[in-house]
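Undergrad: Take this sequence and fold it.
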Amino acid sequence: MTAKATCIRRPQYLTVVIKLGTSSIVDEKTHEPLLPILALTVDTAVRLRKNGHRVVIVSSGAVALGLTRMDGDRRPKHLAQLQALAAIGQCRLVSLWDSLFSHLDQPVAQILLTRGDIADRTRYINAQNTLNELLHIGVIPIVNENDTLAVSEIKFGDNDTLSAITAAMIHADLLFLMTDVDCLYDKNPRLSPGARAIEVIHDIDLLDADVPAPRSALAA
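TA: The predicted model follows:
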């Protein structure tokens with residue numbers, strides 16, 4: 001009688017980063033929160049957590065929510081005004097996420113980063129350790145740029161860049177960039193009706209030939 005070896009395959013747990021731009025969080029005209037989209041994102045994130053996956057959300061929207069709170073109708077250009085609105089809106093943004101996740105008994109945490117936190121090795125490791133510890137204890141970090149302190153020289157530029165850096169920091173398996181644009185285009189589709197869609201990128205080095213800089217302007 002021969003003994004049979006039994007191989008038990010363990011489920012593969014993933015680390016997932018989900019980035020939402022301002023257009024996916026607040027209405028473009030009223031600057032009011034888009035609750036159906038946010039609720040769907042929260043439900044998806046909690047389902048992933050319950051299945052054992054680690055989830056991080058990179059969230060824009062602080063300035064827009066600050067505008068709503070102060071009854072503003074247009075985004076200011078002066079840096080101090082933008083930073084003040086970001087400080088006001090950040091409170092509302094985190095409160096909104098916390099309220100939605102609390103309904104599903106999921107704790108969240110706020111992480112605010114600047115490029116200086118990434119450039120300095122000690123601060124980078126501290127941020128990395130904090131994120132990993134939060135994920136280890138089952139918390140969903142809500143990451144955003146610290147717009148109240150960052151100046152143009154040390155800004156990430158957009159949260160697409162921040163989400164990519166965050167994904168690399170925690171060795172994420174998947175990064176989802178949630179947007180109201182179908183895919184990547186060779187021109188801004190809002191300004192150029194004939195913009196050509198690029199649905200699959202086979203070689204990142206050839207992308208510059210098809211897509212003019214800045215790339216961040218092509219996907220909201």
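Undergrad: Break down this structure into its strands, ranges please.
TA: If DSSP state E is used as the criterion, the strands of the chain fall at 15-20, 54-59, 108-113, 140-145, 174-178, 184-185, 197-198.
Undergrad: Show me what the third one packs onto, helices and strands only.
TA: Other elements packing on strand 108-113 under the criterion 3 or more CB pairs under 8 Å, 6 or more residues apart in numbering; DSSP states H and E are helix 79-102, helix 121-136, strand 140-145. Where you see a C-beta, it was placed from the backbone N, CA and C, and this is true even at glycine.
Undergrad: Give me the sheet partners of that strand and which way each runs.
TA: Strand pairing for strand 108-113, using DSSP bridges, gives strand 140-145 (parallel).
Undergrad: Next, format the strands of the chain as JSON lines and append distance to residue 77, mean pLDDT and mean neighbour count.
TA: Shown next, in JSON lines, are the strands of the chain (distance: least, CB to CB, whole Å; pLDDT from 0 to 100; neighbours: other CB atoms under 10 Å):
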{"stretch": "strand 15-20", "distance to residue 77": "24", "mean pLDDT": "96", "mean neighbour count": "22"}
{"stretch": "strand 54-59", "distance to residue 77": "23", "mean pLDDT": "97", "mean neighbour count": "25"}
{"stretch": "strand 108-113", "distance to residue 77": "23", "mean pLDDT": "94", "mean neighbour count": "18"}
{"stretch": "strand 140-145", "distance to residue 77": "18", "mean pLDDT": "94", "mean neighbour count": "22"}
{"stretch": "strand 174-178", "distance to residue 77": "26", "mean pLDDT": "92", "mean neighbour count": "16"}
{"stretch": "strand 184-185", "distance to residue 77": "27", "mean pLDDT": "78", "mean neighbour count": "20"}
{"stretch": "strand 197-198", "distance to residue 77": "32", "mean pLDDT": "82", "mean neighbour count": "12"}
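Undergrad: looking at those, which is closest to residue 45?
TA: Evaluated with CB to CB, those place strand 54-59 nearest to residue 45, the distance being 4.8 Å.
Undergrad: chain center to the closest one: distance?
TA: Between the mean C-alpha location of strand 54-59 and the chain-wide mean there is a distance of 6 Å, by CA atoms, centre = their mean, to the nearest Å.
Undergrad: could I get the helices and strands packed on strand 108-113 as a markdown table with distance to residue 158?
TA: What follows is the helices and strands packed on strand 108-113, written out as a markdown table (distance: least, CB to CB, whole Å):
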| stretch | distance to residue 158 |
| --- | --- |
| helix 79-102 | 14 |
| helix 121-136 | 19 |
| strand 140-145 | 9 |
